[in-house]
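Colleague: what shape does this take:
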Amino acid sequence: FGQNNSLSLSLSAFRFVDRSTTVAIIMSDQKEPDWVSVQKRTFGKWVNNNLKKKGFEPIEGPLESAWEDGIKLMELMNALFDVPIPRHNKKPKMRPQLMDNLAQAFKMVEQAEVKTNFLKAHQLMDHDLKMILGMVWAIILDYAIKGISVGEATAKEGLLLWVQKKTKGYRDVDPPGVQNFHTSWKNGMALCALIHRHEPGLIPYDTLDKNNARENLELAFSVAEEHLDIPRLLEVEDLTEAIRPDERSVMTYISEFFHRFASYAIKENAARRLQNFINFAREMAERQNNYAAKARALIEWTQQQSAEFQNRQFEDNIADAVAALDAFRAYLTEHKPAKLGEKLDIDTLYAEIQTELLVNDRPGYTPPEDCSPDAVGAAFSALAGVEAEYSARVRDNRFRFIEKKETHVSEEKVAEIRESFNHFDQNDSGDLDKIEFKAALTALGVPFKDDAAVDKIFAEVSGGEEKITFEQYMSYNMILAEDKDSPEQILASFQQLADTAESVTAEQLQMPPLTDEDIAYLAANMPRNEDGSFDYATYVNQSYEIHSAE
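Modeller: Numbering: from 1, shown residues only. The predicted model follows:
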């Protein structure tokens, strides 16, 4: 065992045996190597720390003198591995008694399945320091380090990997990372990083300087002892003074941190699970609050909009009537669609919340009654009713300002035109599409030969838009009502200019507002009689036949 192949002890043992005393005086003619002193001190502190945990008295005096009667070995096996202590001689004096106790202690070691590598009882009785340090290391390895992995070499690698993982990214430690259990620990930064990783409040890591090795180590040792209940198994000098600190002593000390912080990993996992739980609960609460706020805001908007429509008072002028109609059109085509989009968004949000809760085995979300999906739907239904009433009001108000002097159409005809528009504006949108327009004109007695004729008139009246407004519809029908472009009306007009004659002359056509250009057009297109007059009847009939064909 150990690194003390160069250790040579010259032993002289003088034993005086009686019923009360066994005295062993061991003298060395050579100074112990530094690593031996470090292991004796570190291993002794480790043993004493574990003995005290179980209520046993600590070792007093040299470590090598503590095992000759087997009692401390039995107590240590009991403290570490809970192996029952058998009947034994509590105050052995003679060598046979010592041997009996050691035999019992060795049986406990076997029960604990600790491999002591050929350790013999007489080596403990003779205070064989090499074998004793090896024995204690074997116990430390089995109890504190072997559980990290399997076998000494693998266990060391496992402990090193754990240290590397916990100190990853720490300034002045990684890179290059902890490489071993000797020189990597000399400046104290790795030890401070290990503590800071688990208890950041205990080590002001940002203030540390790798050149202050003694201060760093003293800080780490003190913090570990005072706050982490990790005994000071090493001294500052054990690391700073040695060119290569003792590996086994450092491993023994670091294994204390592994076991102290092992519960942290379990707790960290538990905390992580709790954090995930909390994050999900918080997210769901935020989304539910978001839904409720948006739903309430949307319901409030419907109520405000309904109140605005219901309380709208019209002024007695056409400008206000036109403004009211334009505003309602803008509401229907611009403002309300955006609100319908918001309604779709909150409906989707509500569905997502319910789905996520269901998938994650949580109870469903029951929103407050005043902002439930049913409440939102009811608010929009109520608004739709108010909109229909307001649409009728705003159109009727606009109709009041159609001036008879502009159309020269009877009140009955104006009412007929207005009624035709209202009848075919089935969705109360304030406009007519092509199908509605054709139906309304047909109801007024305006014929169309085919769909092409409808398309032509619709494009002219609408100005190329997809729908015809009330004003456009009224304007077109007023023109039709005032001046019907019919064969009868045109024939009557020609007859008036021809003084009821069946033909008309160029001179008779000289009647304002007809211009020379107008007369020239007629002269170029009307059939001429032999006397130079124009056959307007044939021309009119041909013109309307052509129009009908179109």
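
Colleague: quick one: low-confidence ranges for the stretch 51-200 of the chain?
Modeller: Flagging of the stretch 51-200 of the chain using pLDDT under 70 yields the residue ranges 147, 149-153.

Colleague: could you pull out the helices in it for me?
Modeller: For the stretch 51-200 of the chain, the helices defined by DSSP state H, counting those that start in this stretch cover 71-81, 95-111, 121-125, 129-140, 152-166, 189-198.

Colleague: what packs against the shortest one?
Modeller: Which is helix 121-125. helix 95-111, helix 129-140 (3 or more CB pairs under 8 Å, 6 or more residues apart in numbering; DSSP states H and E). (Each C-beta comes from the backbone N, C-alpha and C, glycine too.)

Colleague: nearest to residue 71, out of those helices?
Modeller: Ranking these by distance to residue 71, with CB to CB as the measure, places helix 95-111 first at 6.4 Å.

Colleague: now that closest one: buried residues?
Modeller: For helix 95-111, the buried set under the neighbour-count rule, 16 or more other CB atoms under 10 Å, comprises 97, 98, 99, 100, 101, 102, 104, 105, 106, 108, 109.

Colleague: same check on stretch 337-344?
Modeller: Those would be 339, 342, 343, for stretch 337-344 by 16+ other CB under 10 Å.

Colleague: can you add distance to residue 326 and give the helices of the stretch 51-200 of the chain back as CSV?
Modeller: As requested, the helices of the stretch 51-200 of the chain are exported to CSV (distance: least, CB to CB, whole Å):
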stretch, distance to residue 326
helix 71-81, 92
helix 95-111, 99
helix 121-125, 108
helix 129-140, 92
helix 152-166, 71
helix 189-198, 70
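
Colleague: of all those, which one comes closest to residue 456?
Modeller: Closest to residue 456 of those, according to CB to CB: helix 152-166, at 82.4 Å.

Colleague: flag every buried residue along that closest one.
Modeller: Neighbour counts over helix 152-166 (16+ other CB under 10 Å) mark 152, 155, 156, 158, 159, 160, 162, 163, 164, 166 as buried.

Colleague: angle of that helix against helix 129-140?
Modeller: Helix 152-166 and helix 129-140 are oriented at 60 degrees to each other (axes from the mean of the first three to the mean of the last three CA atoms, to 10 degrees).

Colleague: quick one: contacts of helix 152-166?
Modeller: Contacts with helix 152-166, where a contact means CB atoms under 8 Å, 6 or more residues apart in numbering, come from 141, 145-149, 174, 177-178, 180-181, 190, 193-194, 197-198, 251, 254-255, 258, 261.

Colleague: and stretch 432-451, by the same measure?
Modeller: 416-417, 420-421, 423-426, 454-455, 457-458, 461, 466-468, 473, 477, 480, 548-550.

Colleague: if we can go back for a sec, could you dump the helices and strands packed on helix 121-125 into CSV and include distance to residue 525?
Modeller: CSV is the format used below for the helices and strands packed on helix 121-125 (distance: least, CB to CB, whole Å):
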stretch, distance to residue 525
helix 95-111, 130
helix 129-140, 123
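
Colleague: out of the buried residues of helix 152-166, who's nearest residue 186?
Modeller: Ranked by distance to residue 186 (CB to CB), the buried residues of helix 152-166 are led by residue 163 at 14.5 Å.

Colleague: so how far is residue 113 from that closest one?
Modeller: 27 Å (CB to CB, to the nearest Å).

Colleague: how about the strands in this protein?
Modeller: In the chain, the strands defined using DSSP state E lie at 431-432, 468-469.

Colleague: tabulate these (a markdown table), appending mean pLDDT.
Modeller: As requested, those are exported to a markdown table (pLDDT from 0 to 100):
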| stretch | mean pLDDT |
| --- | --- |
| strand 431-432 | 90 |
| strand 468-469 | 92 |
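
Colleague: make a PyMOL selection of the buried ones in the contacts of stretch 432-451.
Modeller: Restricted to buried positions by 16+ other CB under 10 Å, the PyMOL selection for the contacts of stretch 432-451 reads:
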select buried, resi 416+417+420+421+424+425+454+457+458+461+468+473+477+480
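
Colleague: look through the protein and tell me its longest helix.
Modeller: Counting residues, the longest helix in the chain under DSSP state H turns out to be helix 247-311.

Colleague: what's in contact with stretch 391-401?
Modeller: By CB under 8 Å, 6+ apart, the residues outside stretch 391-401 that reach it are 312, 314, 317-318, 321-322, 324-325, 328, 418, 422, 428-430, 470-471.

Colleague: now do the buried residues in it.
Modeller: Across stretch 391-401, burial judged by 16+ other CB under 10 Å covers 391, 393, 394, 395, 397, 398, 399.

Colleague: how far away is the fifth one from residue 321?
Modeller: Plainly put, residue 397 is 5 Å away from residue 321 if you go by CB to CB.

Colleague: who touches both of these two?
Modeller: residue 314.

Colleague: surely residue 77 is in contact with residue 104?
Modeller: No - with contact defined as CB atoms under 8 Å, residue 77 does not count as touching residue 104 (10.1 Å).

Colleague: so where's the stretch 351-500 of the chain uncertain?
Modeller: In the stretch 351-500 of the chain (pLDDT under 70), the answer is 403-408, 447, 449, 479-480, 482-485.

Colleague: distance of the most centrally placed residue in the chain relative to residue 352?
Modeller: What sits nearest the mean C-alpha location of the chain, by CA atoms, centre = their mean, is residue 283, with 8.1 Å. Going from residue 283 to residue 352 by CB to CB gives 11 Å.

Colleague: same check, this time on residue 67
Modeller: 70 Å.

Colleague: those two: who's more crowded?
Modeller: residue 67 (26 against 12; other CB atoms under 10 Å).

Colleague: isn't the more buried one up against residue 131?
Modeller: No - applying CB under 8 Å, one finds residue 67 not in contact with residue 131, separated by 9.7 Å.

Colleague: residue 191 contacts residue 216, correct?
Modeller: Yes - applying CB under 8 Å as the test, residue 191 and residue 216 come out as touching, 7.4 Å apart.

Colleague: compare these two (neighbour count), which wins?
Modeller: residue 191 (29 against 26).

Colleague: next up, the contacts around that one.
Modeller: For residue 191, the contacting residues are 185, 216, 217, 220, by CB under 8 Å, 6+ apart.

Colleague: please report how far it lies from residue 160.
Modeller: Distance, residue 191 to residue 160, using CB to CB: 14 Å.

Colleague: what do you get for residue 252?
Modeller: 14 Å.

Colleague: next, count neighbours for residue 324.
Modeller: 19.

Colleague: that one against residue 313, yeah?
Modeller: No - using CB under 8 Å, residue 324 makes no contact with residue 313, being 10.0 Å away.
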